[in-house]
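With the input below, show me the fold.
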Amino acid sequence: MDLDLSFPAVSDLRRKARRRIPHFAFEYLDSSTGAELQFQRNRDALDAVHFMPDILPGKVEPDFSTTFMGTEYSRPFGIAPVGMSGLMWPGAERMLAAHARAQRIPYGISTVATRLPEEIGPISGDMGWYQLYCPADPGIRRDILRRAKESGFTKLILTVDVPDDSRRERQRRAKLTMPPKITPRVVWEVLTHPEWSLKTLRTGAPRIVLPESYVDNSDPRSSLAHAGHIIRGTPDWDTLKQLREEWQGDLIIKGVMCPDAAKRLQSEGVDAIWVSNHSARQFEPGPASITELPKVRAAVGPDFPLIFDSGVASGMDVLRALALGADFVMLGRAWHYAVAALGEKGPAHLTHILTDDMKLNMAQMGTHSLGDVAGRLIRD
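This is a model prediction of the structure:
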């Protein structure tokens, strides 16, 4: 099968993934919060970023290698942390970490992954970033940091846009628990998705293994009240100061939309800021991330490292974010649509989709390097 003809876009991978995995798994991955208006706002705002095409550029063969925070990457995009990754496809964390290492793009593993950092760190090599939902217990926090460091993760991501739950209504309606609770509905979904089920049987039922190692009760809980939720704290600025002292390495703060907050984070000694609205999963009435990106860039200055996510679904979207001030772009859902749709072939195919889309659009703009793309923006 020619994957480029069958799955030319992320939307094609999404459709295939929806057919291939149980409803509860797809709803966890695909859902936003509320009526999902912020999800649409993210999409509309990205689509509103336009460029002026050019003519007669000659042959366009851009070099996509990017040095970010002192590390050389083959592309200006990477794999964002997604909780319960192995629920979407058994072994997803291992597949994505291995692809990241092979392609030299960053791979972020979540605190609420279904595999331990000790297993995934060696697979991702020096491409591994560790995402932290900060525990309430300082002792647990320090132990998680130790485990992440000893597992080889080079950068720490503190997610700060989850001060409390969001309702995520689609996720609730799917009645997902972690680990999945055996009900007639779940049995039916498992039986009607045999490949997912057989692979899950071989790899083991998806569990939030790292938080569960600190929690005695491992009974099935709502996907909004699992073990990761139990140990999660409510970090404040003092917590950030402590974390900055405890983590000897690059510290990235994820989930920033406010320019004033970005300036304060910069003064607190963080190494990079990640502009994100959690891909519309937390707060429906907020703005689109891409509209806030230039404001954050203006607040922190031209040289401070900025990462962007939320709604990225193509190579063109990557170019949009880079043109508006991001140094690096991360995608979460797209990689999981890819592994759910195509298994081990999925990550490589998505890398191809994004890379080819960037190259062909740059040819239309007449730009030979990523640094030239912002010059083709149509500004109001």
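
tell me the contacts of Glu93?
Taking Cβ atoms under 8 Å, 6 or more residues apart in numbering, we find Glu93 in contact with 85-86, 109, 113-115, 119-120. To be clear about C-beta, it is placed using only N, CA and C from the backbone, and glycine gets the same treatment.

Which residue is the nearest non-sequential neighbour of it?
Spatial nearest neighbour of Glu93, excluding adjacent residues (Cβ to Cβ, 6 or more residues apart in numbering): Arg115 at 4.4 Å.

got the contact list for that neighbour?
Neighbours of Arg115 in contact, by Cβ under 8 Å, 6+ apart: 85-86, 93-94, 109, 209.

Can you give me the distance of the nearest residue to Ala148 once chain neighbours are set aside to Ile231?
Nearest residue to Ala148, sequence neighbours excluded (Cβ to Cβ, 6+ apart): Tyr130, at 4.0 Å. Distance of Tyr130 to Ile231, given as Cβ to Cβ, to the nearest Å: 16 Å.

Those two - which one has more neighbours?
Higher neighbour count among Tyr130 and Ile231: Tyr130, with 30 against 24, using other Cβ atoms under 10 Å.

does that one really touch Leu156, like I thought?
Yes - using Cβ atoms under 8 Å, Tyr130 makes contact with Leu156 at a distance of 5.6 Å.

overlap in contacts of the two?
Shared contacts of Tyr130 and Leu156, counting by Cβ under 8 Å, 6+ apart, come down to Ala148.

can I assume the residue nearest to Glu93 sits in a strand?
No - Arg115 sits outside any strand when classified using DSSP: H, G, I helix; E, B strand; the rest coil, being coil.

how far away is Trp274 from Arg104?
From Trp274 to Arg104 the distance is 20 Å (Cβ to Cβ).

Neighbour count: these two, which is higher?
More neighbours surround Trp274 than the other of Trp274 and Arg104, with 29 against 17 (other Cβ under 10 Å).

picking up where we left off before, phi and psi next, for the residue nearest to Ala148.
Torsion angles at Tyr130 (phi, psi; degrees, to the nearest 10) stand at phi -110, psi 130.

what distance separates the top helix by length along the chain from the middle of the whole chain?
Counting by DSSP state H, the longest helix found in the chain is helix 346-365. Distance of helix 346-365 from its chain centroid, counting by Cα atoms, centre = their mean, to the nearest Å, is 18 Å.

Which strands and helices lie in contact with that helix?
helix 3-6, helix 10-20, helix 92-103, helix 315-323, helix 333-342 (3 or more Cβ pairs under 8 Å, 6 or more residues apart in numbering; DSSP states H and E).

Report the contact partners of the residue nearest in space to the middle of the chain.
Closest residue to the average C-alpha location of the chain: Ala80 at 2.4 Å, with Cα atoms, centre = their mean. By Cβ under 8 Å, 6+ apart, the contact list for Ala80 reads 108, 309, 330-332, 335.

rerun that using 7 Å as the cut-off
Ala80 sits next to 108, 309, 330-332 when contact means Cβ atoms under 7 Å, 6 or more residues apart in numbering.

Now flag whichever of these is closest to His193.
Closest approach to His193 among the contacts of Ala80 (Cβ to Cβ): Gly332, at 22.0 Å.

Which two among the contacts of Arg115 are spaced furthest apart?
Most distant of those, by Cβ to Cβ, are Arg94 and Val209, 13.3 Å apart.

Stretch 195-207: which residues count as buried?
For stretch 195-207, burial by neighbour count (16 or more other Cβ atoms under 10 Å) applies to 196-197, 200, 203, 206-207.

part of a helix, is Ile105?
No - applying three-state DSSP, one finds Ile105 to be coil, outside a helix.

so Ala272 bridges to which residues?
Beta bridges link Ala272 to Ile252, judged by DSSP bridges.

And the pLDDT for it?
On pLDDT, Ala272 comes in at 98.

Same check on His349?
So His349 comes in at 98 (pLDDT).

Give the closest residue to it in space, chain neighbours not counted.
Nearest non-adjacent residue to His349 (Cβ to Cβ, 6+ apart): Leu3, at 4.9 Å.

close enough to count as contact, the one you found and Thr351?
No - contact criterion Cβ atoms under 7 Å: Leu3 and Thr351 do not qualify, at 11.7 Å.

what about the two, which has more around it?
Comparing Leu3 with Thr351 by neighbour count (other Cβ under 10 Å), the higher total belongs to Thr351, at 21 against 18.

dump the residue contacts of that one.
Counted by Cβ under 7 Å, 6+ apart, Thr351 has contacts Gln103.

Mind jotting down where the strands sit in this protein?
For the chain, applying DSSP state E gives strands covering 66-68, 71-73, 77-79, 107-109, 128-132, 155-159, 177-178, 221-222, 250-256, 272-275, 306-308, 328-331.

could you redo those strands as CSV and give each row distance to Gln282?
Supplementary listing: those in CSV, determined by distance: least, Cβ to Cβ, whole Å:
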stretch, distance to Gln282
strand 66-68, 26
strand 71-73, 28
strand 77-79, 20
strand 107-109, 17
strand 128-132, 15
strand 155-159, 10
strand 177-178, 19
strand 221-222, 17
strand 250-256, 8
strand 272-275, 14
strand 306-308, 16
strand 328-331, 16
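
Among those, show the one with the smallest mean pLDDT.
Mean pLDDT is lowest for strand 221-222 among these, at a mean of 58.

Which stretch among the helices and strands packed on helix 346-365 is buried most, on average?
Highest mean neighbour count among the helices and strands packed on helix 346-365 (mean count of other Cβ atoms under 10 Å): helix 333-342, with a mean of 27.
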